[in-house]
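Engineer: Make a model of this:
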Amino acid sequence: MAYTSLQYTNNHEAKPMSRRVNKDAEFAYGAGQLNPASAVNPGLVYDMDKMSYIQFLCHEGYTGSSIAHLVGTKSINCSSLLPGFGYDALNYPSMQLNMENGKQQTIGVFRRRVTNVGPPSVYNATIKAPEGVEITVKPPSLLFTRPLQKRSFKVVVKAKPVSSTTFTVLSASLVWKSTHHTVRSPINF
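Structural biologist: Below you'll find the model as predicted:
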């Protein structure tokens, strides 16, 4: 799953992929082109397992019987499972928030857990957000003293109400940077 945060940030024409180049931002070019050299040494990975996907599908409203058919088990009882954590119940590099039209602020809390697969490092968070959107990361730094160490963090997104009746795409990003690695997570709403 971490590979989506290890992509080149240029499109096939060698232009930076950004909202300034294409108003649809990440939705115009997907996760980007994978950089194979970085993929073998990603720095951080977002761990997921079969249960994580099952919790996510339950959170999204799928029935236990349809999920059971998908994952090849006899039955799944969504109401008996612990819910996934955070706004989207998923430990994934990208984050998606549905903005509400009207007068209320939209708030989403995303909880993520990463595993260090590189050398001991300190990763510092940098946020890029459009006007009208406030994004905070807690803690703002992650200290890893050894490989395979896990750390959790929380991303809180607060977006002002959308008054437009047309479909609007807003893009932001969280970048974890150490002396050896850069791990980018898109945030879309």
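Engineer: how about the strands in this protein?
Structural biologist: For the chain, applying DSSP state E gives strands covering 44-46, 95-96, 106-116, 121-128, 133-138, 141-144, 150-159, 171-177, 182-188.
Engineer: Who does the last one pair with, and is each partner parallel or antiparallel?
Structural biologist: Strands flanking strand 182-188 in the sheet, each with its direction: strand 95-96 (parallel), strand 171-177 (antiparallel) (DSSP bridges).
Engineer: related to what we said a few turns ago, quick one: closest of the strands of the chain to A89.
Structural biologist: strand 106-116 (9.3 Å; C-beta to C-beta). All C-beta spots, glycine's among them, are computed from the backbone N, C-alpha and C.
Engineer: what about N124, neighbour count?
Structural biologist: The tally of other residues near N124 (other C-beta atoms under 10 Å) stands at 12.
Engineer: ugh, typo on my part, it should be R111
Structural biologist: Count around R111 with other C-beta under 10 Å applied: 16.
Engineer: what pLDDT does it get?
Structural biologist: As predicted, R111 sits at a pLDDT of 92.
Engineer: How about the contacts made by the residue nearest to it when sequence neighbours are not counted?
Structural biologist: Counting by C-beta to C-beta, 6 or more residues apart in numbering, R111 lies nearest to G86, which is 3.7 Å off, once chain neighbours are set aside. By C-beta atoms under 8 Å, 6 or more residues apart in numbering, the contact set of G86 is V109, F110, R111, R112, K154.
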